[in-house]
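*Asks:* no letters, just coordinates:
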Ligand code: TIU
């Protein structure tokens, strides 16, 4: 059995020992492409001597193998090259060497047709990585137009999204892309070590030695250089033995019911069949339906899911190379399209058969996930209670008298009740966060525009956002980073590369963070139990390096009020066909009808709408300053996810007022273009909330971490550390 990865591994290195946290370390293999390693490739044409770079293939294979078997934080491969029309290739690169006086070796340049295909051109045979080091599913391939890996690529974002702070770097050539990448990474805060045997160049040994010397000169100007063998020896005790993956288990493996993605990944690698999981899961789902109906609107037939599962098993026979979501069951909120299936949005008169699927659904399927069914929601995704659907009223997985929350009620119950590992849902005003709180699961709403909303029936189009419901922060983060992509069909999509902050890999700043909390008058709306639980969470955050920091909370408060007191509710009507409300009045849920009629009765004017849009822009700018990249800025705002946990009876007695209260700390999220993740934060006795000593059982509490647009990676890592700290408290 492999030992668990230690917090820190230390290896001999120059100029002094290199320490790295393996879970936060990535192996980066630079440009091991045919174009740089094989005769007639780009490197050969440049006049490179190929013997050393070819000799580095074997050690690089060993390095890759140990990092894979030890389960290092991430594996990245880079490829240098250009799009076929060369629009991303600067003239300096295209012309300088080729036109040098007396040039005899650069007979061909980038884009010209060589024996391995067009030189350094994406999609060509020569551009691809050699077979010996072929990337596996789940490993990241970065296509870069420059020598360095950071120019015009998503590598910084993708490393940060995986909470990586340290890089083990290898590949070709030492003097060029390898060294440039380490220099670039150093500027961005990463602690890098280059592996001597797993890098090589086109010149003699002195040239390589000088290239490496430059990196660690002066007590580590750019980073460290180490040998391969000590690294292998340090990681070997934590590595899965090679033999294990070759020996089939003697008896079929049983499943312990743990649906966390990381647990299932591990179980599948050691021989558990996803068929066993699906068989067992369907039994749970069927029996749970009797206990808590109203979770599903559409349910996939067991035979269909089993067939898909068996097809996956055939497709991925190598257990060491499974895609990240292999055999992971999931559900999807029924306001998102799946081609060929009806989308109801819990509003039968609005049902349509979708012709195209939401891209997030398509992506998780492509990564091996298994679709189980479409989940119930508050009608038209309007509500936070889970009590507004003609398809039933699921209750909290903790207690039959308490609400599930909404609008993503079925999604959160499906994950909380262990019917699925994750769910794809939505969050406009808090619909992914509030029900996560009431069912003890994580609800993550990425910055709007990072996950495609194509195929999402709009609730309030300019504020709608995909949400991911999962059992842990790491699971939610994994779904995000696998599905994130710029979709030009989504009018609110954000560009792939944006201004980014450096990482803090070591020292005090690697662990400390500044957080703000709502002012006392805002917290006073919470039930006493929620206030007590929130104060407990604040203490816990302080114990893991959180520094409570004052900030200006007015933009958050004003933005929250803008959502329903202002004209944005009219956008909910704008999403529906003309005269639709008039024609469908009798088919609507009575509470939804009441809300819509009130909106119509307001007779809002265009002038009011423009004023609200301008106010939204102002508060968004003010919130940006709060999360600013300055000494005064805070890293995250931490709030109770909601204010209390209502019983179904309380909500039905006053559906609108109880619902409004639930959104106190969620409404501002999309108005201010923030990212947010709701995280379970302990449990409390039902009797404490109800005041009735006879009431048995516990209910879940949750806090939400909010931060500025595109600060998802930073926010998720703080949330994950909090989650880890309270999980450790429990165990
Ligand atoms: N020319 C040269 O030595 N190298 C490159 O252009 N790319 C890499 O180093 N990968």
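*Replies:* Received, thanks. Predicted, not measured: the structure shown is a model, and the values here were computed from it.
*Asks:* check which helix or strand the residue in the chain sticking out farthest from the centre maps to.
*Replies:* Among the residues of the chain, the one whose C-alpha is farthest from the average of all C-alpha positions is residue 102, by Cα atoms, centre = their mean at 52.1 Å. Per DSSP states H and E, residue 102 falls between elements, in no helix or strand.
*Asks:* for residue 202, see how far away it is.
*Replies:* From residue 102 across to residue 202, the span is 19 Å (Cβ to Cβ, to the nearest Å). Heads up, the C-betas are built off the backbone N, CA and C, glycines and all.
*Asks:* OK, contacts around the residue farthest from the centre of the chain?
*Replies:* Contacts for residue 102 (Cβ atoms under 8 Å, 6 or more residues apart in numbering) come out as none.
*Asks:* try the one 4 residues further on
*Replies:* Each residue near residue 106 by Cβ under 8 Å, 6+ apart is listed here: 45-47, 97-98, 100.
*Asks:* not counting the helix or strand where residue 268 lies itself, show me its contacts.
*Replies:* Secondary structure from DSSP H and E places residue 268 in helix 261-269. Outside helix 261-269, the residues that touch it by Cβ under 8 Å, 6+ apart are 240, 245, 253, 255-256, 258, 272, 274, 277, 319-320, 322, 324-328, 421-422, 470-472, 474-475, 478.
*Asks:* average pLDDT for it, rounded please.
*Replies:* Averaged across helix 261-269, pLDDT comes to 95.
*Asks:* and for stretch 207-226?
*Replies:* Stretch 207-226 shows a mean pLDDT of 97.
*Asks:* cool, stretch 691-705 as well?
*Replies:* What stretch 691-705 shows for mean pLDDT is 97.
*Asks:* give the buried residues for that stretch.
*Replies:* For stretch 691-705, the neighbour count (16 or more other Cβ atoms under 10 Å) marks 699-705 as buried.
*Asks:* who touches the helix or strand just after the helix holding residue 268?
*Replies:* Using DSSP H and E, the next helix or strand after helix 261-269 towards the C-terminus is helix 274-291. Residues external to helix 274-291 that are found in contact with it (Cβ under 8 Å, 6+ apart): 252-255, 257, 264, 268, 295-296, 299, 302, 305-306, 309-310, 312-313, 326-327, 329, 370, 372, 417-419.
*Asks:* just the ones of the residues you listed in strands?
*Replies:* Counting by DSSP state E, the contacts of helix 274-291 place 296, 299, 329, 370, 372 in strands.
*Asks:* what is the nearest of those residues to residue 110?
*Replies:* Checking the ones in strands among the contacts of helix 274-291 against residue 110 by Cβ to Cβ gives residue 370 as the nearest, at 43.2 Å.
*Asks:* hmm, back to that, among the buried residues of stretch 691-705, which lie within strands?
*Replies:* Cross-referencing the buried residues of stretch 691-705 against strands under DSSP E gives 699-705.
*Asks:* need those residues in CSV with distance to the ligand, can you?
*Replies:* As requested, those are exported to CSV (distance: Cβ to the nearest ligand atom, whole Å):
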residue, distance to the ligand
699, 56
700, 51
701, 51
702, 47
703, 45
704, 44
705, 39
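*Asks:* for the ligand, what's the nearest residue on the stretch 351-500 of the chain?
*Replies:* residue 497 (21.0 Å; Cβ to the nearest ligand atom).
*Asks:* sorry, back to before: show me what counts as buried in the helix holding residue 268.
*Replies:* Neighbour counts over helix 261-269 (16+ other Cβ under 10 Å) mark 261, 263-265, 267-269 as buried.
*Asks:* so which of the contacts of residue 106 reach the ligand?
*Replies:* residue 46 (Cβ under 6 Å from any ligand atom).
*Asks:* of the contacts of residue 106, select the buried ones using a PyMOL command.
*Replies:* Those of the contacts of residue 106 that count as buried under 16+ other Cβ under 10 Å are selected in PyMOL with:
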select buried, resi 45+46+97
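*Asks:* and of the contacts of residue 106, the nearest to residue 86?
*Replies:* For the contacts of residue 106, the nearest to residue 86 is residue 98 (13.2 Å; Cβ to Cβ).
*Asks:* list phi and psi for that closest one.
*Replies:* phi -60, psi -40 (degrees, to the nearest 10).
*Asks:* who's in contact with it?
*Replies:* With contacts taken as Cβ under 8 Å, 6+ apart, residue 98 has the following neighbours: 106, 109.
*Asks:* now do it against residue 110, distance only.
*Replies:* 9 Å.
*Asks:* next: residue 597.
*Replies:* Taking Cβ to Cβ as the measure, residue 597 falls 64 Å from residue 110.
*Asks:* okay, the two: which has more neighbours?
*Replies:* For residue 597 versus residue 110, the count of surrounding residues by other Cβ atoms under 10 Å is larger for residue 110: 20 against 13.
*Asks:* and the gap between that one and residue 126?
*Replies:* Distance of residue 110 to residue 126, given as Cβ to Cβ: 11 Å.
*Asks:* shared neighbours of those two, anything?
*Replies:* Taking Cβ under 8 Å, 6+ apart as the criterion, residue 110 and residue 126 both touch 42, 119-120.
*Asks:* of those residues, which is the nearest to the ligand?
*Replies:* The shortest gap between the ligand and any of these belongs to residue 42, at 6.9 Å (Cβ to the nearest ligand atom).
*Asks:* surely that closest one meets residue 112?
*Replies:* No - contact between residue 42 and residue 112 fails when scored by Cβ atoms under 8 Å: they sit 9.7 Å apart.
*Asks:* okay, and the common contacts of the two?
*Replies:* Common neighbours of residue 42 and residue 112 (Cβ under 8 Å, 6+ apart) are residue 119.
*Asks:* neighbour-wise, which of those two wins?
*Replies:* Per other Cβ under 10 Å, whichever of residue 42 and residue 112 has more neighbours is residue 42, with 26 against 15.
*Asks:* for the residue of the stretch 201-350 of the chain found nearest the ligand, the count of nearby residues, please.
*Replies:* The nearest approach of the stretch 201-350 of the chain to the ligand comes at residue 202, 5.5 Å away (Cβ to the nearest ligand atom). For residue 202, the neighbour count with other Cβ under 10 Å is 22.
*Asks:* which ones are touching it?
*Replies:* Neighbours of residue 202 in contact, by Cβ under 8 Å, 6+ apart: 43, 46-50, 52-53, 173, 175.
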